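>>> Show me how the following folds:
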Amino acid sequence: MLRRTKIIATLGPSTDDPNMLDKIIQAGVDVVRLNFSHETPEVHRRRLEAVRQCAKASGRSIGAIADLQGPKIRLESFSEGQITLSEADKFILDAASPSDAGNQQRVGITYKQLPKDVRRGDTLLLDDGRIVLEVKDIADTQIHCEVIVGGTLSNCKGINRQGGGLSADALTYKDRADIASAAAMQVDYLAVSFPRSAEDIHEARQLLQAAGGKGGIIAKIERAEALANHEEIIEASDAIMVARGDLGVEIGDANLPPAQKLLIKKARDLNKVVITATQMMESMIENQIPTRAEVSDVANAVFDGTDAVMLSAETAAGKYPDKAVIAMARVCHEAEKQPMVRISDHRITTQFGRIDEAVAMATMYTANHLNITAIASLTESGSTPLWMSRINSGIPIFSLSRHKSTCSRVTLYRGVYPFEFEYFDGLDTLQVNQLMIDELLRRGAISEGDMVIITKGDLKGISGGTNLMKIVCVGDGSRLIKEDGNR
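From the prediction side, this is the model:
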């Protein structure tokens, strides 16, 4: 059984060794993430080129996500590197303080508008909520706080306001420059950090396209405002990421599990891709096996229907990147064996707006109620495989396309496996069917005697033109396809 849930691995120093990069790809990485919060565009370009060379050598398509830093609101630095705060201590966040002069009484902040965004009584959460401050007063550039939960505080830790409401723009000057770099690299997806509304997604898409990029847009849901506006943000995006770090801090950890379930379901209902991210196997930064809680976390995301699960520091900076990928693949594979993962009522009472969408839905209904081994979808844009992948099923969907960009893009779709597929113009429909079956046979995806559903369009090369579903039985002898209308 092929693993349906896709694995995203963040690249970093731990994957720079060519042997380790090859190991994580062989272990099952489907998509790589370039974290633009760290390193230079040149480093990311070099890493992506290495991935593409490895993918080519292994005969696989591997997608790439450029993840923008966004307006991460952080502390500046301490002169001694860190301090320790105790409950009831007084502490000042000062927008006018020098960047490297933090001490036991105060520290600078990168977001200079923060004093205008907060009010007396607000709760500020530092370092992913490990330090909790209550705002007691605001005086010009200074936010006077009292420590509610203390601990060690070091340089450049993040700041969140409980409940959200910070006004920082989603796209910073750095992000705009990084979008141009991502477009030049021809990444498959651009992830937008801290969007508040659909307008932020539209702006990122316009900037990417203006720079020559053709990738999809991923909205990272990590602000309270984004959760409140989640439906319009999902509709504006190609995919969303449930970014549980900052989101959990802003809405509270107890509210995070139902929010995750809501976002996964809504994304699938709206025919969009969804990624579950942050701390999925964080203990494997240092350890060779995950905790039982991490295993359950990954499995539950699979049960809920996530398209992909993501590794961050586990692969970028961890000691055992390959073991983290292997562990995640193992958990996904076992979770997908459960019957609940193959039950679906998606769009069962909904009117379809497009012919190709109707063909995709009919294909999945037929496949789930007939002894179908595989689905072969000849596609230009990848839309038909995307719609098919919204239906829970254990049947593999093979996306055959002559476009490398389409093959890379569908690597993120749950249960979809891309094959680059060239065919000559002028072939009739039966000849194309024959070539598609030959390709699946050559790759060992099907065997003689299997029943396969083929989808494609009468007019080849037209995006959105899928209008044909055909059931064939793979035969033996010189004719590999036996038309079998009686079964």
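
>>> From Glu222, how far off is the residue nearest to the spatial centre of the chain?
Compute the mean C-alpha point of the chain, and by Cα atoms, centre = their mean the closest residue is Ile275, 3.8 Å away. Summarising the geometry, the distance separating Ile275 from Glu222, computed by Cβ to Cβ, to the nearest Å, is 12 Å. In short, each C-beta sits where N, CA and C put it, glycine included.

>>> Please apply the same query to Val32.
For Val32 relative to Glu222 (Cβ to Cβ), the value is 21 Å.

>>> Which residues does the residue nearest to the centre of the chain form beta bridges with?
When bridges are assigned using DSSP bridges, the partners listed for Ile275 are Met241, Ala308.

>>> What is the least confident helix or strand in the chain?
Sorted by mean pLDDT, DSSP states H and E, the helices and strands of the chain end with strand 481-483, the least confident at a mean of 50.

>>> Tell me where the longest helix sits in the protein.
When the chain is scanned for its longest helix (criterion: DSSP state H), the result is helix 41-58.

>>> burial count for the nearest residue to Ser393 once chain neighbours are set aside?
Take Ser393 and drop its neighbours on the chain: the residue closest to it by Cβ to Cβ, 6 or more residues apart in numbering is Asn368, 5.5 Å away. The burial count assigned to Asn368 is 16, neighbours taken as other Cβ atoms under 10 Å.

>>> cool, and Glu231?
Glu231 - counted by other Cβ under 10 Å - has 13 other residues nearby.

>>> Which parts of the stretch 301-450 of the chain are helices?
313-316, 321-335, 355-368, 383-389, 404-409, 429-442 (DSSP state H, counting those that start in this stretch).

>>> Just the CA atoms of the shortest one, as PDB, please.
The C-alpha coordinates for helix 313-316 follow below in PDB (Å, rounded to 0.1, in the frame of the first residue of the first chain):
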ATOM      1  CA  ALA A 313      13.700  21.700  13.000                       C
ATOM      2  CA  GLU A 314      13.600  17.900  13.100                       C
ATOM      3  CA  THR A 315      15.200  17.800   9.600                       C
ATOM      4  CA  ALA A 316      16.600  21.300   9.300                       C
END
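
>>> now it, how far from the chain's geometric center?
Mean-position distance between helix 313-316 and its chain equals 15 Å (Cα atoms, centre = their mean, to the nearest Å).

>>> The last one too?
Remark: helix 429-442 is offset 32 Å from the chain centroid, using Cα atoms, centre = their mean.

>>> Make sure Thr148 is indeed in a strand.
Quick fix: residue 148 reads Ile, not Thr. Yes. Membership of Ile148 in a strand is supported by DSSP: H, G, I helix; E, B strand; the rest coil.

>>> Next, work out how far apart Cys473 and Ala374 are.
12 Å.

>>> Out of those two, name the residue with the larger neighbour count.
Ala374 (22 against 18).

>>> That one contacts Thr455, correct?
No. Under the criterion of Cβ atoms under 8 Å, Ala374 lies out of contact with Thr455, with a separation of 11.7 Å.

>>> first to last residue in stretch 341-356, what's the distance?
Looking at stretch 341-356, the gap from its leading to its trailing residue is 25 Å under the measure Cα to Cα, to the nearest Å.

>>> what's the closest non-adjacent residue to Ile92?
Nearest residue to Ile92, sequence neighbours excluded (Cβ to Cβ, 6+ apart): Arg106, at 3.9 Å.

>>> Let me see the contact set for the one you found.
Shown in contact with Arg106 (Cβ atoms under 8 Å, 6 or more residues apart in numbering): 91-94, 97, 142.

>>> Nearest to Gly415, out of the residues you listed: which one, please.
Proximity of the contacts of Arg106 to Gly415 (Cβ to Cβ) peaks at Leu93, which lies at 46.9 Å.

>>> residue contacts, the residue lying closest to Ser14 once chain neighbours are set aside?
The spatially closest residue to Ser14, leaving aside those adjacent along the chain, is Pro321, at 5.1 Å (Cβ to Cβ, 6+ apart). Pro321 makes contacts with 9, 14-15, 20, 23-24, 311, 314-315, as judged by Cβ under 8 Å, 6+ apart.

>>> do the same with Arg3
For Arg3, the contact set (Cβ under 8 Å, 6+ apart) comprises 28, 329, 332-333, 336.

>>> burial count for Met310?
27.

>>> Quick check: closest non-adjacent residue to Asp253.
In space, Asp253 comes closest to Gly129 once its chain neighbours are excluded; the distance is 7.5 Å by Cβ to Cβ, 6+ apart.

>>> Leu270 and Ile233 touch, don't they?
No. Look at Leu270 against Ile233 with Cβ under 8 Å: they stay out of range, at 10.4 Å.

>>> Which of those two has more residues huddled nearby?
Neighbours of Leu270 and Ile233, each counted by other Cβ under 10 Å, are more numerous for Ile233; the result is 27 against 14.

>>> what's the strand or helix carrying the more buried one in contact with?
Counting by DSSP states H and E, the element that carries Ile233 is helix 230-236. Surrounding helix 230-236, the residues in contact under the criterion Cβ under 8 Å, 6+ apart are 195, 197-198, 200-202, 217, 219, 221, 226, 240, 262-263, 266-267, 270, 272.

>>> Now, of those, which are buried?
In the contacts of helix 230-236, burial by neighbour count holds for 195, 197-198, 200-201, 217, 219, 221, 226, 240, 263, 266-267, 272, counting by 16 or more other Cβ atoms under 10 Å.

>>> what's the closest of the residues you listed to Leu386?
Proximity of the buried ones among the contacts of helix 230-236 to Leu386, judged by Cβ to Cβ, is greatest for Lys272, which lies at 8.6 Å.

>>> The closest one is in contact with Ala239, isn't it?
Yes. In this structure, Lys272 sits in contact with Ala239. The criterion is Cβ under 8 Å, and the distance is 5.9 Å.

>>> what's the residue nearest to Asp253 in contact with, if anything?
With contact taken as Cβ under 8 Å, 6+ apart, Gly129 is in contact with 160, 248-249, 253.

>>> for Val147, same thing?
Listed by Cβ under 8 Å, 6+ apart, the contact set of Val147 reads 85-91, 131-133.

>>> Can I have the buried ones of these as a PyMOL selection?
Command for PyMOL, covering only those of the contacts of Val147 found buried under the criterion 16+ other Cβ under 10 Å:
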select buried, resi 85+89+91+131+132+133
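
>>> So which of the contacts of Val147 sit within strands?
Here DSSP state E is the test, and these give 85, 90-91, 131-133 as lying in strands.

>>> Would you map out the domains in the chain?
Segmentation of the chain into domains, based on automatic domain parsing, reads 6-70+169-337, 82-161, 355-483.

>>> what are the ranges of the strands in the stretch 1-150 of the chain?
For the stretch 1-150 of the chain, applying DSSP state E, counting those that start in this stretch gives strands covering 6-10, 31-35, 63-67, 82-85, 90-94, 106-108, 123-126, 131-139, 142-149.

>>> just checking, Ser283 is part of a strand?
No. The assignment for Ser283 is helix, going by three-state DSSP, so no strand is present there.

>>> that older thread, mind checking the helices of the stretch 301-450 of the chain for the one nearest to Val295?
helix 321-335 (5.3 Å).

>>> following whichever strand or helix holds Asp246, which helix or strand comes up?
Taking DSSP H and E as the definition, one finds Asp246 inside helix 244-251. Per DSSP H and E, helix 244-251 leads on to helix 256-269 as the next helix or strand towards the C-terminus.

>>> just checking, what packs against that following helix?
Using 3 or more Cβ pairs under 8 Å, 6 or more residues apart in numbering; DSSP states H and E, the elements in contact with helix 256-269 are helix 230-236, strand 239-243, helix 244-251, strand 273-277, helix 292-304.
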